[in-house]
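Q: Sequence first, predicted model second:
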Amino acid sequence: MKPFAESCEQNKHPILAVLREEFAQASEVLEIGSGTGQHAVFFARELPHLHWQTSDCAENHPGILAWLGEDGGDNVHLPLTLDVNHDPWPRHPYDGIFSANTVHIMAWTEVEKLFEGVGQVLAPGGRFCLYGPFNRDGKFTSESNARFDAWLKQREPKSGIRDRAELDGLAHKQGLQRVADHEMPANNRILVWQRKEG
């Protein structure tokens with residue numbers, strides 16, 4: 001039986017609208033934290049010009065494979081094993097990287113490793129699109145995000161909603177500059193960083 005995340009079903013169309021724009025010139029995209037695999041099969045089908053590479057911790061591979069087995073097209077690829085704490089990053093360069101709802105469930109040290117890995121594999125001119133809730137200037141952007149952050153920290157004290165400026169700082173260390181900030185439903189956003197050409 002395939003895993004199912006209601007949030008993926010709810011947010012896939014708004015995210016797709018942004019990815020159509022941000023990945024218009026891309027050809028190979030690495031998804032970090034593919035989760036159930038729902039996003040991967042949907043975006044790969046709707047963006048046929050892309051080769052979509054799934055990845056996640058090994059325990060999530062069966063669910064991803066179930067989705068790919070039933071719904072995956074030729075342009076969505078079997079998952080790579082990628083845990084930022086200990087797995088090596090691909091040696092292959094990508095001109096697009098996508099991740100959804102990941103950095104708020106990670107410890108800050110893991111977020112740092114995530115951006116270091118992105119810095120290793122994102123090609124010049126490539127874009128990194130990160131979806132989720134984010135703080136601005138050290139403050140929550142909604143009461144619901146504040147409640148969500150409290151819930152996250154009850155479950156795992158090292159997790160929590162990350163501040164946009166702090167993520168910009170990590171990106172800058174990797175030679176990335178933020179080029180877009182898209183407002184999304186339910187107090188989420190997509191932040192987009194680009195590696196400079198050359």
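A: Structure received. Numbering: from 1, shown residues only.
Q: show me where the chain has strands.
A: Along the chain, the segments classed as strands by DSSP state E run 28-32, 51-56, 76-81, 94-100, 122-132, 134-135, 162-163, 176-184, 188-195.
Q: The longest one packs against which elements?
A: I take that to be strand 122-132. Secondary-structure packing of strand 122-132 (3 or more C-beta pairs under 8 Å, 6 or more residues apart in numbering; DSSP states H and E): helix 6-22, strand 94-100, strand 176-184, strand 188-195. Just so you know, the C-beta spots here come from the backbone N, C-alpha and C atoms, and that holds for glycine as well.
Q: May I have the strands that pair with the third one, each with its orientation?
A: Here strand 176-184 has these sheet partners by DSSP bridges: strand 188-195 (antiparallel).
Q: next one: the partner strand to chain centre, how far?
A: Centroid displacement of strand 188-195 relative to its chain, using C-alpha atoms, centre = their mean, to the nearest Å, is 10 Å.
Q: model confidence over that strand, on average?
A: Averaged over strand 188-195, pLDDT sits at 98.
Q: got the helices and strands packed on strand 122-132 as JSON lines, with distance to residue 49 and mean neighbour count columns?
A: Below are these laid out as JSON lines (distance: least, C-beta to C-beta, whole Å; neighbours: other C-beta atoms under 10 Å):
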{"stretch": "helix 6-22", "distance to residue 49": "10", "mean neighbour count": "16"}
{"stretch": "strand 94-100", "distance to residue 49": "11", "mean neighbour count": "24"}
{"stretch": "strand 176-184", "distance to residue 49": "20", "mean neighbour count": "15"}
{"stretch": "strand 188-195", "distance to residue 49": "18", "mean neighbour count": "21"}
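Q: now the ones you listed as CSV including distance to residue 48?
A: Shown next, in CSV, are the helices and strands packed on strand 122-132 (distance: least, C-beta to C-beta, whole Å):
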stretch, distance to residue 48
helix 6-22, 12
strand 94-100, 14
strand 176-184, 22
strand 188-195, 21
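Q: If anything else comes up later, I'll come back, but that's it for now.
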